Every structure is written in C-alpha cells, then in structure tokens.
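**Q** I would like the atomic coordinates for the input below:
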Amino acid sequence: MNKRTITVFEYESIRVTDINVDSLSRTELEALQRHSGEDGVPYYSLIHNGVKFSEYVGVIQVGKLTIEVLPKIDRGSKEQWKEILVDMLKKVGPFDVTSTSETSLKVKRNNILDLYLEAFLNQVQIIMHQGLLKKYGKVEANSTSLKGKFLFQKHIVTNIVHKERFFVKYTTFDPNHLLNQLLYKTLHLIKMVNTNQTLSSRVNSLLLNFPEMPDIRVSETTFEKIVYSRKNEHYRQSMLISRLLLLNYFPDINSGRNHVMAIMFDMNLLWERFVYQSLKKYIIGAQIEPQANKPYWKLSGKRSVNLRPDVIILKDGAKYVLDTKWKLPYGNKPSHADLQQMYAYTKYFDSDHTILCYPGADEDFIDGYFHNEGIAKGNDYRCSVIRLKFDINQYDPQKFMAFWQMDIAERINGYCGPKPPYNGDVF
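**A** Take a look at the predicted model:
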C-alpha cells in the first residue's frame with residue numbers, strides 16, 4: 001500500500017470502511033489494536049471497527065500510514081491547526097528555530113513526525129561537523145599483534161590452534177560509546193520509518209559518514225545512565241529527540257510491515273507549558289515559577305499525594321496561582337471539579353488571587369470569589385476565570401505566535417494587581 005496521511009482533530013474517530021478515503025485498512029487497525037494491548041494507551045481508545053482519539057495530539061505512524069491528530073478550539077482548517085501545533089511545539093520543545101531553511105519549510109508542510117526527524121538530523125549534522133566525541137574504553141580482542149595486557153587463560157582456550165594470535169585487553173580512544181551508539185541507532189530507525197523524500201538523502205549522507213556502531217538494546221534506563229558535562233553538553237538536544245523516537249517505536253513482530261511510531265502530546269500539558277513560556281518571556285518585574293509541589297494527603301507508609309498548580313506568579317508582595325485548561329467551558333463557566341481544584345490551590349498555597357485560564361475565540365474575564373467561612377464579606381478568596389483570546393482568522397505563521405504570547409502575558413499580568421471592590425459575586 002502507498003504511503004497515506006489521515007488528519008483528524010482531537011476526540012474524533014477513524015474506522016475501517018470501504019467508501020471513505022480517510023479510513024483504516026484491516027491490517028492497520030489490527031496493528032493499532034496490538035499496540036493498545038490489554039492495558040490500552042492514553043492517546044486513543046478502541047471502538048467498533050476503529051479508534052477514537054483523546055486529548056492527545058501529535059502523529060502516529062502505522063506502516064506507511066501517518067495519522068495526524070490536531071488540537072481544535074475554534075473554527076479553522078486542518079492546515080491552519082497543523083501550523084499552530086507545530087509552532088507551539090517549537091516554543092516548548094527541543095527545537096532550534098533560529099534559522100529557517102528551505103528544507104525546514106518543506107518539512108513543516110508535511111507532518112509533525114517529520115519535524116522531529118528533521119530536528120534530530122540537524123543536531124547530528126552539527127555534532128558531526130564539530131567532530132564525534134571520543135572516549136577511552138577497554139577492549140578485549142583476539143589480535144594478530146601483542147598489545148596491552150596479555151590474557152593468558154582466554155588465549156589458551158581461544159587460540160589452541162592459532163599460534164599467530166594473541167588474546168589481549170587494551171585501551172582505545174575512539175567514538176564507540178553510548179552517546180554515538182544512540183545516534184547511530186536513531187539514524188537507522190529514521191531511515192526505516194521515514195516517508196519524506198526530502199529527508200531521505202540527508203539520512204543516507206549522515207549514515208555514510210558515520211562510523212559503524214554495534215546495535216544496542218534501548219530502554220528508559222539507557223537514557224538515565226547519561227551524565228552530561230561540559231564536553232558532551234552539545235549532545236543533549238539530540239538525546240532528547242533520540243529518546244522520544246526510540247522509546248516510542250513499536251516494531252510489528254507479526255508481519256514485519258505495520259510498525260507503529262507514536263509521538264503524542266497531552267494538549268493540556270502543552271497548553272500549560274506554552275502559557276508558562278509566554279509569561280516567563282514577556283512579563284517583567286515578576287517572578288514566574290512552574291509547577292510548585294505541595295503534599296496534601298498521605299497514606300501511612302506510602303508517598304504523599306501532591307497538589308501542583310501550573311504556574312505561580314510572585315509580584316509586588318502578592319501570590320497569584322494559575323491553572324490552565326485546554327477546553328471550552330460549558331456555558332462559559334468552570335466545572336465543579338475545576339472550582340474544587342482551584343479552591344484547594346487557594347487554601348494550600350495561600351494565594352491572593354487564583355486564576356483559571358482557558359483558551360477561547362472570545363476574550364473574556366469573570367471575576368469571582370470563594371466564600372471564606374466565618375469571615376465578613378469583602379475578605380473572601382478571589383478566584384477568576386480568564387479566556388485567552390485565540391482568533392484563528394488572524395493567524396499569520398510569521399508573527400501570530402509572538403503576538404499571541406505577548407497578548408497572553410499582557411492580559412494575565414494586567415489581572416495580577418490590587419483586589420477590586422467586592423461586588424458580591426461568588427462561585
């Protein structure tokens with residue numbers, strides 16, 4: 001089957017049908033079912049003859065089929081939302097966007113997986129231009145020359161009939177170490193899963209100039225072993241993407257054709273980080289802190305359960321706690337669960353003003369208060385709801401993101417100020 005791309009929005013479904021071009025084949029659905037397994041995966045659920053996606057966005061590659069899952073809050077085309085998602089990922093992800101090449105523009109119009117593949121190739125190209133890092137290592141080998149330490153016992157066992165050889169242990173100084181082995185393995189993975197002709201020649205060129213490395217088994221522990229220092233710091237970004245690709249690749253051990261690669265992001269977490277980055281970059285004169293943990297419940301002998309608001313702003317001696325939600329509130333009002341969460345943040349973090357941040361097509365701010373039991377009116381806890389305007393009709397790839405981030409920072413900063421007169425409105 002030729003390579004295909006199906007683009008859907010979050011919470012949409014795709015099924016196996018004969019009449020719809022944007023449909024799964026039976027073998028592709030079976031691959032997704034195997035990938036889901038008994039425990040399931042967070043980014044889609046199995047339905048009759050298909051799958052239904054959740055709040056996760058990104059890309060899933062099944063064999064030659066690429067499924068793009070895009071966010072959506074307001075009207076707009078799939079191409080517009082793809083551009084927006086790519087730009088949001090670039091603001092919070094491990095991408096170097098200081099320069100835009102013709103290749104980058106071509107890749108950007110394809111899919112999100114290509115964005116990560118190109119970012120990794122860019123990093124490897126930089127590393128190879130600087131020279132692959134070399135390390136000292138111990139090698140045991142059956143050599144035709146005597147060098148290093150002579151291992152007599154292994155020599156007797158191995159070379160009983162080969163008098164011309166020596167089993168020795170010696171020190172080498174070469175690029176054959178974990179960091180380069182991971183680069184090499186990731187390059188081979190990209191060569192196998194890549195469907196973008198623009199990137200194919202770059203992958204082949206890098207592999208041609210890359211020294212051959214042994215194939216290693218990779219797990220989460222493999223990347224936890226890496227210790228960064230001044231000498232290998234320039235490997236960090238490539239390792240972040242390598243980890244994402246290698247740990248999210250699931251080979252098809254049945255037919256060997258419908259491999260699954262899933263690069264998916266929780267849209268709530270992406271929105272949270274995007275808002276945080278906007279505030280950090282454009283608010284001056286305030287301290288912006290991300291995700292402060294505070295324990296609020298503990299079962300005997302177990303770890304504490306923590307409360308963790310998305311952003312804390314310290315400004316002019318006051319504390320403002322922000323929580324972000326990527327959804328449109330029903331009736332323009334927060335849910336009971338959201339309000340209960342905000343009340344806990346208010347009490348446990350001693351917040352002067354708690355703000356719940358939604359995206360939205362319309363700009364809106366609703367000021368409100370939680371009742372403070374036993375205290376006179378006017379001393380209730382302030383809790384507000386803000387909708388951060390998102391007008392897709394004004395989207396311009398060259399300047400929209402910067403303007404949107406500045407607008408987010410300006411609006412939130414404007415509401416982090418003195419408490420207004422009490423008007424009796426409470427949640």
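
**Q** tell me the helix or strand right after the lengthiest helix in the chain.
**A** The longest helix of the chain (DSSP state H) is helix 112-130. Next along the chain after helix 112-130, taking DSSP states H and E as the criterion, comes strand 135-143.

**Q** buried residues in the longest helix of the chain, which are they?
**A** 112-124, 127 (16 or more other CB atoms under 10 Å). For glycine as for every other residue, the C-beta is placed from the backbone atoms N, C-alpha and C.

**Q** what residues are up against residue 295?
**A** 304, 305, 306, 307 (CB atoms under 8 Å, 6 or more residues apart in numbering).

**Q** tell me if I'm right that the first one and residue 297 touch.
**A** In this case it means residue 304. Yes: contact criterion CB atoms under 8 Å: residue 304 and residue 297 qualify, at 6.9 Å.

**Q** and of the contacts of residue 295, the nearest to residue 230?
**A** Set against residue 230, the nearest of the contacts of residue 295 by CB to CB is residue 306 (33.9 Å).

**Q** bridged to that closest one, which residues?
**A** Counting by DSSP bridges, residue 306 forms beta bridges with residue 295.

**Q** ok, residue 321 next?
**A** Beta-bridge pairing for residue 321 (DSSP bridges): residue 312, residue 354.

**Q** what sits against it?
**A** 309, 311, 312, 313, 345, 346, 349, 351, 353, 354, 355.

**Q** gap between the fifth one and residue 295?
**A** Right, the one you point to is residue 345. Note on residue 345: its distance to residue 295, by CB to CB, to the nearest Å, is 14 Å.

**Q** same question, residue 73
**A** Applying CB to CB to residue 73 and residue 295 gives a distance of 34 Å.

**Q** just say helix, strand or coil for residue 162.
**A** Classification of residue 162 using DSSP: H, G, I helix; E, B strand; the rest coil returns coil.

**Q** if you could redo that for residue 170, that was the one I meant.
**A** strand.

**Q** I'd guessed it sits against residue 147; true?
**A** Yes: between residue 170 and residue 147 there is a contact under CB under 8 Å: 5.1 Å.

**Q** where in the stretch 1-150 of the chain is pLDDT low?
**A** 1, 18-21, 94-111 (pLDDT under 70).

**Q** mind doing that once more with 90?
**A** 1-5, 17-23, 37-39, 63-64, 66, 72-116, 118-119, 134-150 (pLDDT under 90).

**Q** thinking again about what came up before, any idea which of the contacts of residue 321 is closest to residue 261?
**A** Of these, the one sitting nearest to residue 261 (CB to CB) turns out to be residue 311, at 32.2 Å.

**Q** can you pull the contacts of the closest one?
**A** Residues in contact with residue 311 (CB under 8 Å, 6+ apart) are 272, 275, 276, 279, 288, 289, 290, 291, 321, 322, 324.
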